[in-house]
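> What would the 3D arrangement of this be:
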Amino acid sequence: MRLDYHLLDVFTDRQFGGNPLAVFPQPPPDLAPRLMQQIAQELNLSESVFVLPPADPANDFRLRIFTPLAELPMAGHPTVGAAFALATLGRLGQLAAQTPLVFEEGVGPIDVTIRADERGRPSEVWMQQPIPQFGAVYSDRRAIAETLSLDECDLRGDAPIQVLSSGLPFLYVPVVSLAAMARIQLRQDRWEALLAGSDAQNVFVTTTETAEAASSAHSRMFAPALGVNEDPATGSASGPLAAYLLRFGLADSCEMLAEQGFEMGRPSFIRIRVERSAGEITSVAIGGKCVMMGSGTLSLD
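Below is the predicted model of the structure:
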């Protein structure tokens with residue numbers, strides 16, 4: 001069996017930035033999930049995505065998304081990257097200025113919009129996300145700081161350490177500065193004792209001090225349980241990030257730009273758009289650019 005795949009950098013407009021992704025645009029429909037997981041482990045990227053026929057014909061495609069260690073119910077950069085790859089490969093026909101698409105994912109249908117340039121080439125992809133849900137608050141600030149190799153004074157005191165989720169939960173940890181962000185080293189022993197196996201095991205650290213003036217937040221994400229020591233760009237955490245910043249007064253605009261991956265040498269930029277009514281969030285979308293990097297074939301027995 002031969003499986004063709006394509007490599008992309010997602011949430012960047014240049015090569016070697018953003019988050020690398022492997023897209024399998026047309027695998028056999030009966031490809032075993034166990035084999036998908038083994039392939040994702042072999043490639044060892046943050047995520048690999050397999051594009052399959054939809055279970056519901058009202059949708060366009062079904063996505064199955066794998067980190068090196070687990071399948072995810074949804075994810076941002078595989079959704080955005082899969083749409084960009086399908087458009088680039090001609091699987092969607094002639095693109096309009098805005099071409100809608102619906103992906104089936106573990107959280108349900110995900111609406112996607114592909115924006116094309118004047119030559120009909122994909123230029124940017126946006127995905128709708130489930131409304132972020134606020135979860136448990138972690139009050140032991142010292143323990144969380146130690147898990148990140150920081151001092152308690154490096155954490156902001158005006159916003160909680162809290163779990164949020166749009167389908168995949170993350171623990172949001174507010175930090176005071178870029179200098180503190182640069183010092184972070186996740187301590188595996190403290191993480192295992194404090195967070196492993198809980199809704200807080202994926203740790204998303206953020207500060208409103210940014211490297212780029214246009215950005216609203218600068219972040220890092222650590223997910224040892226998923227086989228991701230650090231993620232260069234985390235789309236599934238970016239919708240909830242906007243909700244978090246707005247709720248606790250750390251941002252005042254419903255249009256944001258999140259930066260990530262700088263400490264890894266892979267600058268990434270995720271656009272976030274939030275709609276609100278009577279103070280409640282009614283819609284969250286994230287978007288960004290992609291770069292095709294190459295392609296390959298796996299030969300399997």
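> all helices in the stretch 51-200 of the chain, in order from the N-terminus.
The residue ranges that make up the helices of the stretch 51-200 of the chain, judged by DSSP state H, counting those that start in this stretch, are 76-88, 141-147, 178-183, 188-194.
> Next, the contact list for residue 212, please.
Neighbouring residues of residue 212 by Cβ atoms under 8 Å, 6 or more residues apart in numbering: 257, 259, 269. Glycine gets a C-beta too; all of them are placed from N, C-alpha and C.
> Find the helix or strand that the closest residue to the first one other than its chain neighbours is a member of.
Excluding the flanking residues, the one nearest residue 257 by Cβ to Cβ, 6 or more residues apart in numbering is residue 215, at 4.9 Å. Assigning secondary structure by DSSP states H and E places residue 215 outside every helix and strand.
> ok, residue 215 to residue 122 distance?
With distances defined as Cβ to Cβ, to the nearest Å, the gap from residue 215 to residue 122 amounts to 24 Å.
> and what of residue 35?
Here the distance between residue 35 and residue 122 works out to 29 Å (Cβ to Cβ).
> who does the nearest residue to residue 80 once chain neighbours are set aside bridge with?
Setting aside the residues directly before and after it, residue 80 is nearest to residue 125 in space (Cβ to Cβ, 6+ apart), at 4.5 Å. Beta-bridge partners recorded for residue 125 (DSSP bridges): residue 114, residue 288.
> Contact partners for the residue nearest to residue 257?
With contacts defined as Cβ under 8 Å, 6+ apart, the neighbours of residue 215 are 257-259, 269.
> Among the helices of the stretch 51-200 of the chain, which comes closest to residue 287?
Across the helices of the stretch 51-200 of the chain, the minimum distance to residue 287, taken as Cβ to Cβ, is reached by helix 76-88, at 7.1 Å.
> And the average pLDDT for the closest one is what?
Over the span of helix 76-88, the pLDDT mean works out to 98.
> hang on, the earlier thing: pull out the buried members of the contacts of residue 212.
Buried members of the contacts of residue 212, counted by 16 or more other Cβ atoms under 10 Å: 257, 259, 269.
> which of residue 35 and residue 122 has more neighbours?
More neighbours surround residue 122 than the other of residue 35 and residue 122, with 21 against 15 (other Cβ atoms under 10 Å).
> Which ones among the contacts of residue 212 map onto strands?
257, 259, 269 (DSSP state E).
> Name the nearest residue to the second one, sequence neighbours excluded.
Of all residues beyond its chain neighbours, the one nearest residue 259 is residue 215 (4.3 Å), with distances taken as Cβ to Cβ, 6+ apart.
> pLDDT value on the one you found, please?
For residue 215, the model assigns a pLDDT of 98.
> Against residue 143, how distant is it?
Distance of residue 215 to residue 143, given as Cβ to Cβ: 29 Å.
> Residue 176 and residue 152 touch, don't they?
No - with contacts defined as Cβ atoms under 8 Å, residue 176 does not count as touching residue 152, sitting 10.9 Å away.
> Looking at these two, which has the bigger crowd around it?
The residue with more neighbours, out of residue 176 and residue 152, is residue 176; 17 against 13, by other Cβ under 10 Å.
> Over to that one: give its phi and psi.
The main-chain torsion angles of residue 176 are listed as degrees, to the nearest 10 and equal phi -80, psi -30.
> which ones are touching it?
Contact partners of residue 176, counting by Cβ under 8 Å, 6+ apart, are 153-156, 207, 209.
> before we move on, the earlier item: of all the ones in strands among the contacts of residue 212, which comes closest to residue 5?
Taking Cβ to Cβ as the measure, residue 269 is the one of those closest to residue 5, at 24.7 Å.
> Beta-bridge partners for that closest one, please?
Residues in beta-bridge contact with residue 269 (DSSP bridges): residue 259.
> show me the contacts for it.
Going by Cβ under 8 Å, 6+ apart, residue 269 touches 11-12, 212, 215, 257-259, 288-289.
> any idea of the mean pLDDT in stretch 225-242?
The predicted model gives stretch 225-242 an average pLDDT of 98.
> Spatially nearest residue to residue 59, not counting backbone neighbours?
Nearest-residue entry for residue 59: residue 102, 4.4 Å, with adjacent residues in sequence omitted and distances by Cβ to Cβ, 6+ apart.
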